[in-house]
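> sequence first, predicted model second:
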Amino acid sequence: MRNRSGAVWSRASVPFSAWEVEVQMRVTGLGRRGAQGMDSPAIRVLASDGHIPSEQPGDGASQGLGSCHWDFRNRPHPFRARITYWGQRLRMSLNSGLTPSDPGEFCVDVGPLLLVPGGFFGVSAATGTLAGEDPTGQVRAEGQ
């Protein structure tokens, strides 16, 4: 679907000083490459203290802490993103979605980054004007 976005945010504050979130997602559709179908899926890490307004309109690029491009459209299996915060470092690894259990590959490493317990976290996704089908997925979180 075109021009759609969605997000999943924690309802309760996160009491942990270290945590891990795994997002599993499948994205399908034409995603043609070229002038009318720039297929450039990007993963972007953003952080906010809750006092800085989000960039509107826009994609948050100016508030990004790190990013990588990853071709995850039309894979035979859902791809997984694992986001880990430990020791004032936020790391993200992604798998290809080519097999159900591909090992993760490095995407983003941000630090030092102080995320104090008591904050909230979320995962969001958006499609552009030439998008295909809706992304579908699930989220798992653990903390210590």
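Done, it's in. Numbering: from 1, shown residues only.
> just the pLDDT for Gln88.
Gln88 carries a pLDDT value of 95.
> I'd guessed it sits against Val116; true?
No. At 10.5 Å, Gln88 does not count as touching Val116 under the criterion of CB atoms under 8 Å. Just so you know, the C-beta spots here come from the backbone N, C-alpha and C atoms, and that holds for glycine as well.
> quick one, which of these two is more surrounded?
Gln88 (13 against 8; other CB atoms under 10 Å).
> with adjacent residues omitted, what lies nearest to that one?
Excluding its sequence neighbours, the residue lying closest to Gln88 (CB to CB, 6 or more residues apart in numbering) is Pro112, at 4.5 Å.
> swap in Tyr85?
Once flanking residues are discounted, Tyr85 sits nearest to Trp19: 5.4 Å by CB to CB, 6+ apart.
> need phi/psi at that neighbour.
As for Trp19, its main-chain torsions (degrees, to the nearest 10) stand at phi -160, psi 170.
> who does it form a beta bridge with?
Per DSSP bridges, residues listed as beta-bridge partners of Trp19: Tyr85, Gly143.
> that one reaches Leu90, doesn't it?
No. Taking CB under 8 Å as the definition, Trp19 is not a contact partner of Leu90, at 10.1 Å.
> overlap in contacts of those two?
Here Trp19 and Leu90 have Thr84 as joint contacts, going by CB atoms under 8 Å, 6 or more residues apart in numbering.
> contact partners for Ser93?
Listed by CB under 8 Å, 6+ apart, the contact partners of Ser93 are 81-82, 104-107.
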